[in-house]
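>>> Dropping the sequence and predicted coords here.
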Amino acid sequence: MACEGEATEPDYLDYLNERFGDGDGRGRRPFRIQPVSRRNGRTPSGIVEAACQAAGEDEAWALFDRDQWKDIPQAVEAAARGRVEMALSHPSFDLWLLLHFQAFGGAQSGSGKLVVEKLRQARGADAFREYDRKGDKSVRGARREALKDRESKAVAHARSLVASCAHGACDPGRAETAPAGAAERTVSSQEWAARSGHAVDCQVLRRDPSTDVWRLLVSLGIGS
């Protein structure tokens, strides 16, 4: 899984490995996520390219934010060509963390400021009180403990954001969470982006707020 950030996202993916990677002996299979990141980050298109290069025969995922990036449409096109699964968060990955503690709504126009403020103040999120202060956006120690056992709540909140999308025809029940597998036909970027449950004609940059990280968890048998 290639990701934009060099701290938050890799830390979170390591948390998933640590907490769930061994399976549960009751049907949820073991897995291993290999975070791919670099100092100073990458553009969304660069993240998709890095995922393609690193995955080989393994399942490839690209994890990136809306922020103010302008090349997201190009990244979606590249992901469709390479069959790279996408976990786009609009406005930022911080939204996914917040959804572990509470629901959230309201367009943010690419700014994650309010999301971070809500995360710091959320009930049960005491470990995040100093999140993103002095550059500390780590997800370790007490912050991991705070997320523990809240995965189902986060998935439910993220699915609700799909259902309440301003487009009006988006439905999380249509989301694809099984691996895409080998290409059977050429898939358009709109069709590929619709694996998130959003309508085919729902423009990616207008899915505000939303996060597709829930699809990763459900594909791994977590929080479903």
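In hand now; what should we look at? Residues are numbered from 1 along each chain as shown.

>>> what helix or strand does the closest residue to R140 other than its chain neighbours sit in?
Nearest non-adjacent residue to R140, counting by C-beta to C-beta, 6 or more residues apart in numbering: D11, 5.7 Å away. C-beta coordinates here come from the backbone N, C-alpha and C atoms, glycine included. Using DSSP states H and E, D11 sits in helix 8-20.

>>> Would you state the predicted confidence (pLDDT) at the residue lying closest to A127 once chain neighbours are set aside?
Spatial nearest neighbour of A127, excluding adjacent residues (C-beta to C-beta, 6+ apart): A142 at 3.9 Å. For A142, the pLDDT comes out at 98.

>>> burial of A142, as a residue count?
Each residue near A142 was counted by other C-beta atoms under 10 Å, and the total is 9.

>>> That one reaches R129, doesn't it?
No. Contact criterion C-beta atoms under 8 Å: A142 and R129 do not qualify, at 10.2 Å.

>>> ok so, going back, what sits up against the helix or strand just after the helix holding D11?
Later in the chain than helix 8-20, the nearest helix or strand by DSSP H and E is helix 44-55. Here helix 44-55 makes contact (C-beta atoms under 8 Å, 6 or more residues apart in numbering) with 1-4, 34, 36, 38, 42, 60-64, 69, 71-72, 74-75, 78-79, 82, 84, 86.

>>> from the residues you listed, which ones fall inside helices?
Among these, the members found in helices (DSSP state H) are I72, Q74, A75, A78, A79, G82.

>>> and L88, bridged to which residues?
F64 (DSSP bridges).

>>> Just confirm it contacts V204, I think it does.
Yes. Using C-beta under 8 Å, L88 is in contact with V204, at 6.7 Å.

>>> where do the contact lists of those two overlap?
In contact with both L88 and V204: I72, using C-beta under 8 Å, 6+ apart.

>>> Can you point out the buried residues in the helix holding D11?
By neighbour count on 16 or more other C-beta atoms under 10 Å, the buried set for helix 8-20 is T8, E9, P10, D11, Y12, L13, D14, Y15, L16, N17, F20.

>>> Does it pack against any helices or strands, and if so which?
strand 2-3, helix 94-98, helix 142-147 (3 or more C-beta pairs under 8 Å, 6 or more residues apart in numbering; DSSP states H and E).

>>> out of those, nearest to G135?
Closest to G135 of those, according to C-beta to C-beta: helix 94-98, at 14.0 Å.

>>> For the closest one, give the mean pLDDT please.
98.

>>> Let me know the secondary structure of Q102.
Using DSSP: H, G, I helix; E, B strand; the rest coil, the structure places Q102 in coil.

>>> For R143, see how far away it is.
16 Å (C-beta to C-beta, to the nearest Å).

>>> out of these two, which sits in the busier spot?
The neighbour comparison of Q102 against R143 (other C-beta under 10 Å) goes to R143, with 22 against 16.

>>> can you tell me which residues contact the residue nearest to that one when sequence neighbours are not counted?
Distances taken as C-beta to C-beta, 6+ apart put A127 closest to R143, at 4.5 Å, once the chain neighbours are dropped. Shown in contact with A127 (C-beta under 8 Å, 6+ apart): G141, A142, R143, E145, A146.

>>> repeat for L95
Neighbour list for L95: S89, F104, G112, V115, P209, S210, T211 [criterion: C-beta under 8 Å, 6+ apart].
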